[in-house]
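J.: Give me a 3D structure for the following:
(one chain, ligands or ions: 1)
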Amino acid sequence: MDATETTIAGLADVGPDTIALTLDTPAGFEARPGQFIKLLLEVNGETHSRFYTISSPNTQATVEITVGIDPDGEVTPRLDALAAGDVVRFEGPFGRAAYEGEPRCVVLAGGPGIGPAVGIGERALAEGGEAAIVYRDDAPAHTERLDALAADGAFVRVLEADEGLAGTVEAALTGDPGEQVFVYGFGDFLDSATEALTAAGGAPEAAKTENFG
Ligand SMILES: Cc1cc2nc3c(=O)[nH]c(=O)nc-3n(C[C@H](O)[C@H](O)[C@H](O)COP(=O)(O)OP(=O)(O)OC[C@H]3O[C@@H](n4cnc5c(N)ncnc54)[C@H](O)[C@@H]3O)c2cc1C
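T.: Numbers count the residues shown, from 1 in each chain. Presented below is the predicted three-dimensional model:
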């Protein structure tokens, strides 16, 4: 797949060590929240690639990704140093764990998994659907968008890093036929989410899941 070049429209701090990077949508590019792109960055003459999940509700004018900055990471500190007007390259979109118009979206998010959670929640409400977000993080991000979602009727719960998920996941699930569970985050969060879904009588195998690594 050929990489597409585009310009950074904006970069904002959206929480501790978390940025939202907004890219101008290249002509013909279309993606759904929950799909991901492969960002290509030159570091000391070498091309490094990292995957980032779409956190905007749509990609009509711009595409947003939400990046957790790892100070020891090779790529994310460099993304943090970018600015509006800089040019980046990416490939995609990829992935099937994305919003597809489901009438009720229950999103379980750990760390930067909050990106697709807010994107899906906003898109679902805009299309007349329902949204529930259970988010676990030691330093929450996107709190303004979460507050707005809650004000618009979404079920939103933010848990501390050491809090169990099961009770809150059970409260988020209705068992309605149109309900789809999504899970986004790093591997340890996915394990906790699977356990919580099982304990709550849900079906982890039916969840749309993306493992960040
Ligand atoms: C499908 C998918 C979707 C993703 N979506 C998102 C998203 O929406 N948002 C997001 O923030 N992330 C997402 N990720 C994760 C992302 O792609 C990067 O892995 C992440 O941003 C870390 O990149 P980095 O270059 O900063 O860190 P890296 O350089 O990859 O390092 C990560 C950590 O590993 C340590 N490390 C690196 N190399 C070694 C080594 N050789 N030995 C020991 N330790 C080492 C580093 O010190 C650091 O703490 C996604 C991943 C996948 C696969």
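
J.: Look at the residue of the chain found nearest the ligand and give its secondary structure.
T.: Nearest residue of the chain to the ligand (Cβ to the nearest ligand atom) works out as G73 at 2.0 Å. In this view, the C-beta of every residue, glycine as well, is placed from N, C-alpha and C. Here G73 is recorded as coil under DSSP: H, G, I helix; E, B strand; the rest coil.

J.: For it, give me the pLDDT.
T.: Per-residue pLDDT puts G73 at 95.

J.: Repeat that for A61.
T.: At A61 the predicted local distance difference test score is 97.

J.: Can you get me a residue count around the residue nearest to S55 when sequence neighbours are not counted?
T.: For S55, ignoring the flanking residues on the chain, the nearest one in space by Cβ to Cβ, 6 or more residues apart in numbering is G115 at 3.2 Å. Here the number of neighbours of G115 (other Cβ atoms under 10 Å) works out to 29.

J.: so G115 makes contact with V63?
T.: No - taking contacts as Cβ atoms under 8 Å, G115 lies outside contact range of V63: 11.6 Å.

J.: overlap in contacts of those two?
T.: I54 (Cβ atoms under 8 Å, 6 or more residues apart in numbering).

J.: for the chain, what spans make up the helices?
T.: All helices of the chain, identified by DSSP state H, fall at 76-80, 114-126, 143-151, 166-172, 187-199.

J.: The last one - what's its average pLDDT?
T.: Averaging the model's pLDDT scores along helix 187-199 yields 97.

J.: Spell out whether that helix and the ligand are in contact.
T.: No - remark: helix 187-199 sits outside contact range of the ligand, by Cβ under 6 Å from any ligand atom, the gap being at least 10.1 Å.

J.: ok, residues contacting that helix?
T.: By Cβ under 8 Å, 6+ apart, the residues outside helix 187-199 that reach it are 108-111, 113, 136, 164-166, 168-170, 181, 183, 185, 203-204, 207, 209, 211-213.

J.: Drop anything exposed from these.
T.: 108-111, 113, 136, 165, 168-169, 181, 183, 185, 204, 207, 209, 212 (16 or more other Cβ atoms under 10 Å).

J.: just those residues now: which is nearest D147?
T.: When these are compared for distance to D147 (Cβ to Cβ), A109 comes out closest, at 15.5 Å.

J.: For the spatially closest residue to the closest one that is not a sequence neighbour, give me its contacts.
T.: Among residues not flanking A109 along the chain, A117 sits closest, at 3.9 Å (Cβ to Cβ, 6+ apart). For A117, the contacting residues are 107, 109, 133, 135, 142, 182, 184, taking Cβ under 8 Å, 6+ apart as the criterion.

J.: And for A83?
T.: Contacts of A83 were listed using Cβ under 8 Å, 6+ apart, and they are 8, 11.

J.: Need phi/psi at it.
T.: Note on A83: its backbone torsions stand at phi -150, psi 160 [degrees, to the nearest 10].

J.: Pull up the per-residue confidence for the residue nearest the centre of the chain.
T.: Centrality entry for the chain: nearest residue to the mean C-alpha point is P116, 2.3 Å, by Cα atoms, centre = their mean. The predicted structure scores P116 at 98 on the pLDDT scale.

J.: Residue numbering should commence at 591 henceforth.
T.: Noted, 591 is the first residue going forward, which turns the last one into P706.
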